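Participant: 3D model of this:
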Amino acid sequence: MDFLFQHIPLKQSSSHGLKKKGNAAVIEATSAAIAARQSAATNSLSFAVEALFPIGIEEIDTLAGAVYGLMLRVLPTSVRDWFTSLQDRSAAFSIEAFTTAWCSLRLLANEFS
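Facilitator: A predicted model of the protein is given here:
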């Protein structure tokens, strides 16, 4: 999980945290965030694998987001254990904000359906 978040920019991953820095951070996180949301909703990351070629930084962000979203759906206990063991509170806060903004609603909708 730590390796996934090396490729997912978390500086200001949701519009709630933006102050005077502009929209650059939101745009930077969009591909990973959309991929996390989509894989959590569809239980698949084939769309991210298909988009890998030609490989670049944007594609790695998308794949990392998709893997994280799928892990939230398929292995939620493992993700929770990893999250609670994080020592860096700043990283934990950023990951929590990212998950809340981009994944939680889809995961809840899947659970309720």
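Participant: Let me see the ranges of the helices in this structure.
Facilitator: 24-42, 46-50, 57-74, 76-84, 89-102, 104-112 (DSSP state H).
Participant: now the fourth one and helix 57-74, what's the angle there?
Facilitator: The reference is to helix 76-84. Per axes from the mean of the first three to the mean of the last three C-alpha atoms, to 10 degrees, the angle that helix 76-84 makes with helix 57-74 is 120 degrees.
Participant: Mind listing what's buried along helix 76-84?
Facilitator: For helix 76-84, a neighbour-count test (16 or more other C-beta atoms under 10 Å) marks Val79 as buried. Bear in mind the C-beta positions are built from the backbone N, C-alpha and C, glycine included.
Participant: so what does it touch, helix or strand wise?
Facilitator: helix 57-74, helix 89-102 (3 or more C-beta pairs under 8 Å, 6 or more residues apart in numbering; DSSP states H and E).
Participant: Read off the pLDDT value for the residue nearest to Leu86 when sequence neighbours are not counted.
Facilitator: Closest residue in space to Leu86, ignoring its immediate chain neighbours: Ala92 at 4.5 Å, by C-beta to C-beta, 6 or more residues apart in numbering. Listed pLDDT for Ala92 reads 93.
Participant: Quick one: neighbours of Ala92, just the number.
Facilitator: Neighbour count of Ala92, defined by other C-beta atoms under 10 Å: 14.
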